Every structure is written in C-alpha cells, then in structure tokens.
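Colleague: structure for the following, please:
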Amino acid sequence: MSYTFGVVFFVVALLVSVMLHEAGHFLTAKRYGMKASRFFVGFGPTLWSTRRGETEYGVKAIPAGGFVKIIGMTELEDIEPGDEDRVFYKHPASQRLVVLSAGSIVHFIIAIVLLFLVIATTGDILNTTTTLKIGTVSKCLPLNPNAVACSSTDPRAPASGKLRDGDRVVALDGRRLSSYDELRSSIVASPNHPVTLTVLRDGHDVDVTLTPLAMQQDGRTIGRIGISPVEEQQPVSVLGAVPRTFSTLGEMTVETVKAFGQLPHEISQILRGEKRSTEGAASVVDIARVSGQIAEVKVSFGERLARLIALTASLNFAVGALNMLPLLPLDGGHVAIVLFEQARRRVYRLFGRREPGRVDIMKIMPVTYAVFAAFVGVSLLLLYAGIVNPISIQ
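Modeller: Numbers count the residues shown, from 1 in each chain. Predicted structure coming up:
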C-alpha cells in the first residue's frame, strides 16, 4: 500500500461521506413531501449535471462539500405556483428538525458502523500496546523540536542504516527485554555510550551496535537513536465490540470538545510557526498527508487499512459534531432557530399572547455573515498551515 493509495482513499472517503450527508437531507425532505430541486456534490462551476424528475443532480468543480436545494428554506424565496404546500417552512417543526439534522446523523451513523467494523475485526483502536517491533527508523534527529522534516544541520540518527523497519528488538547488551519501556529507559540513560541491540530480522537474531546521540530535552541530556515502535491493538470479540464502539464514541466526543476549545491556541501556534499537534484541527491537506503516511507504515495491509478506516470514522464524527454547532449557516444554526421558535411560541401561548411567528432571518444575517467569514478565515489558515507547516505522524 503506497502513499498515493492513502491519499486517494481519503479523497474517495471524503466525497462519499459528503454525498451521504446530502442524501440524508434529500431523502428525509422527499419523505415529508418537500421539494428538493437540486442535489450537487462540490461548489463552484458545474462540471456535469442531469435532471431526473423535479431534481437536478450534478458535480461541481471544487470538491469541498455539497448541497441540497430544498425550496422554501426561508420565506424570502420566490415560490413557483403549485409548490406552495411543499415549501420547507410550512412543514411541522418536527419534520424540519429531522431534515436539518439528517446530514449530521448520517455522519454519526458512518462513524459508528466503521468503528464497529474496525474494533470487531482488528481490535481496540484506542487501547494499544507499545511493542518492541520497530515501526519507523528516522534519517535524522531534528535539533528544532518543532521541525517536521530533516534539515541539513540535523545530525544523522544512530539507527539510520543499521536498524530496519520491522525489526523486533529482543535484547540490549545481552539482556533480554520484555517491554518497550525497558528499551527506551536504557537508551535514554546512555547518551554517547555504545549499546548493542539484538534484533529479530528475517527469522534470525542480528546484533547491531550503535551509540545513542546526546540530545537536550526538558533541561536534561538524554540518549536517542531515532526509532518509533509499532502500536498493537488489543483484541476484542464481536460482542465486546458493541459496547467498546460506543465508549470510543464517548472518548471521541471528549476529544472533539477539547479540540474546539483549543482552536484559538492552535491558531496562535500556527501564526507563530510552531509544530502542530496531531490531535488538533486540520485541513483536508493535512488529513490527506496523514492518510498517505498511514498507508506507508510498515505493518500488515489489514492494519493499515483499519487505521485508514478509523481515521475516516473519526473525521465523520468530527464533521457531524461541527455541523451541529448552533451557528448559522451550519445545520445546527437552523436547528437552533426552529427550537427557539417552538420554545417562544409555547411561552407566548402560556401567557395568552398572540403567537409571534417565525424568526426574521434578515435581522440575524449580519451574524451569519460574520460566522461565515470566520469559518472561511480559519479554513484558509488551516489550509495554509497544511502546506507550509503540515501535521505529520512520522
């Protein structure tokens, strides 16, 4: 599996997720008798379209989302004769809430299904064990802790050219090792002192002597050789995968909320050019690059595919949660308006006052434009960072 495969996998998964999101809106709208006049993937100029019945289906040039045009989303639209009873705003609030939430619900369903498949077939993706098997061997040891790639001034990693991806360390200086923590502690404690590692390679024990390079970390000198271990997932039964899937979703929820809360700090880090966290906000460029790197990890094809699927599940969950934020123009903003209208109507009825009607969209358009501008600005900043200061798992 190559880097290109990982990138293509992400692009296809993204487009399929977008199509399913819009299909959620489209199918529920049709189910309730609303008129959906357009179903498009992408934005910008139209590349291809066809009409089937009352709906135009098509693909646009920029694959950064999609949309379904449901007539009557606001009272400001011109309605064609004969469609008066099919407009969105005339349907009951419960039906409007279902249609508005359907896209995010689809993302959550995708995340649940994919997580279950991964956990049931390959193990618990969040509870891993660090093994003595070498996953990657670095070419250098960056002197700059924020660096994401080697520079000409960085020293060569002691393991480069001596250890190989896939080697399993079994002993250090003749002492058998039982855990990666033992290996790491010994290396850290041996700056500039030669050590001999015994590794299992192609079914044979091979002795490799190297000298951990002295590096400064948190005010102390430690030894480093430039290797990353393989993380193995804990096996889970098919029945056990059901509760573990939902507990994983709970953990994802916590991490997603943290990521939203840390966004201002991450923006500050990007502006200062600092190294970005793999747990933070990312652009499609970052996620595509990470997908490519996952596809290159020296583990079995099944494990790499499982990691790509798990990444897709995580992405769908995050997009579903983001889309339900109570901010226009997101779906969550429209949901918030419907809920506000219903709550206000009940309060007015309780006090015997005449129903106030619907929210005046024009009064909140300035806020909508401000939120939209903020989203565009953050998206462009993340896209810029994905090019000049990318997230990397290597």
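Colleague: what element comes up after whichever strand or helix holds S314 heading to the C-terminus?
Modeller: Applying DSSP states H and E as the criterion places S314 in helix 301-323. Toward the C-terminus, helix 301-323 is succeeded by helix 331-350 as the next helix or strand (DSSP H and E).
Colleague: which strands and helices lie in contact with the helix holding S314?
Modeller: helix 3-31, helix 93-122, strand 124-137, helix 238-261, helix 284-296 (3 or more Cβ pairs under 8 Å, 6 or more residues apart in numbering; DSSP states H and E). Glycine gets a C-beta too; all of them are placed from N, C-alpha and C.
Colleague: mind putting the ones you listed in TSV, mean pLDDT, distance to E303 and mean neighbour count included?
Modeller: Listed next are those as TSV, based on pLDDT from 0 to 100; distance: least, Cβ to Cβ, whole Å; neighbours: other Cβ atoms under 10 Å:
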stretch	mean pLDDT	distance to E303	mean neighbour count
helix 3-31	92	13	19
helix 93-122	94	7	20
strand 124-137	83	10	17
helix 238-261	88	17	14
helix 284-296	86	10	21
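Colleague: can I get these in a markdown table with distance to P81?
Modeller: Converted to a markdown table, those look like this (distance: least, Cβ to Cβ, whole Å):
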| stretch | distance to P81 |
| --- | --- |
| helix 3-31 | 20 |
| helix 93-122 | 23 |
| strand 124-137 | 55 |
| helix 238-261 | 45 |
| helix 284-296 | 42 |
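Colleague: out of these, nearest to I361?
Modeller: Among these, the nearest to I361 by Cβ to Cβ is helix 93-122 (14.1 Å).
Colleague: off-centre distance for that closest one?
Modeller: 15 Å (Cα atoms, centre = their mean, to the nearest Å).
Colleague: name the helices or strands packed onto it?
Modeller: Going by 3+ Cβ pairs under 8 Å, 6+ apart, helix 93-122 lies up against helix 3-31, strand 124-137, helix 238-261, helix 301-323, helix 331-350.
Colleague: before we move on, what SS does S379 have?
Modeller: helix (DSSP: H, G, I helix; E, B strand; the rest coil).
Colleague: all numbers from here: first residue = 57
Modeller: New numbering, starting at 57: the last item is S435.
Colleague: how about the nearest residue to it, chain neighbours excluded?
Modeller: Once flanking residues are discounted, S435 sits nearest to S339: 7.1 Å by Cβ to Cβ, 6 or more residues apart in numbering.
Colleague: phi, psi for the one you found please.
Modeller: Dihedral pair for S339: phi -90, psi 170, per degrees, to the nearest 10.
Colleague: quick one: it and V444 touch, right?
Modeller: No - using Cβ atoms under 8 Å, S339 makes no contact with V444, being 11.5 Å away.
Colleague: so how far is stretch 146-160 off the chain centroid?
Modeller: How far stretch 146-160 lies from its chain's middle: 26 Å, per Cα atoms, centre = their mean.
Colleague: same question, stretch 318-337
Modeller: 15 Å.
Colleague: in CSV, list the helices and strands packed on helix 149-178 along with distance to R212.
Modeller: Output for the helices and strands packed on helix 149-178, formatted as CSV (distance: least, Cβ to Cβ, whole Å):
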stretch, distance to R212
helix 59-87, 23
strand 180-193, 11
helix 294-317, 36
helix 357-379, 28
helix 387-406, 51
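Colleague: settle this for me: P382 is touching F396, isn't it.
Modeller: No - with contact defined as Cβ under 8 Å, P382 does not reach F396; the gap is 9.4 Å.
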